[in-house]
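Undergrad: kindly generate the corresponding structure for this input.
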Amino acid sequence: MHGHGPPGHHHPPPPPPHHHPPPPIHHHPPPPPPVVHHHPPPPPPVVVHHHPPPPPSHRYEDRQCCIIL
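TA: All right, here's what the predicted structure looks like:
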């Protein structure tokens, strides 16, 4: 009969849980709009140099002569 304590001894009820107030909502100002850097337009592409067409090949002419003959 040891360890039971005195008769009729009741532990007090646990304290009610603490209700913490909700944290205040911080309304942050909206972030500033991103700064758009207007870069100058890129330089125009390098103009392709149009080489004059190569002179007709003599072999081609000879072949034509051969075909004609």
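Undergrad: since we're on H11, how many residues are nearby?
TA: H11 has 6 neighbouring residues, counting by other C-beta atoms under 10 Å. Every C-beta, even on glycine, is put in place using the N, C-alpha and C of the backbone.
Undergrad: can you list the weak-confidence ranges in the protein?
TA: Applying pLDDT under 70 to the chain picks out residues 1-7, 55-69.
Undergrad: where do the helices sit along it?
TA: With helices called from DSSP state H, the chain shows them at 58-68.
Undergrad: give me the distance between H27 and P21.
TA: For H27, the distance to P21 equals 18 Å [C-beta to C-beta, to the nearest Å].
Undergrad: could you do V35 as well?
TA: According to C-beta to C-beta, V35 stands 40 Å off from P21.
Undergrad: likewise for P53?
TA: Using C-beta to C-beta, one obtains 87 Å as the distance from P53 to P21.
Undergrad: could you do H49 as well?
TA: Here H49 is placed at a distance of 78 Å from P21 (C-beta to C-beta).
Undergrad: do the same with P52
TA: P52 sits 87 Å away from P21, going by C-beta to C-beta.
Undergrad: in stretch 28-45, what's buried?
TA: By neighbour count on 16 or more other C-beta atoms under 10 Å, the buried set for stretch 28-45 is empty.
Undergrad: gap between the two ends of that stretch?
TA: Across its full length, stretch 28-45 reaches 47 Å end to end, with C-alpha to C-alpha, to the nearest Å as the criterion.
Undergrad: repeat that for stretch 37-47.
TA: With C-alpha to C-alpha as the measure, stretch 37-47 spans 28 Å from end to end.
Undergrad: alright, I will stop here.
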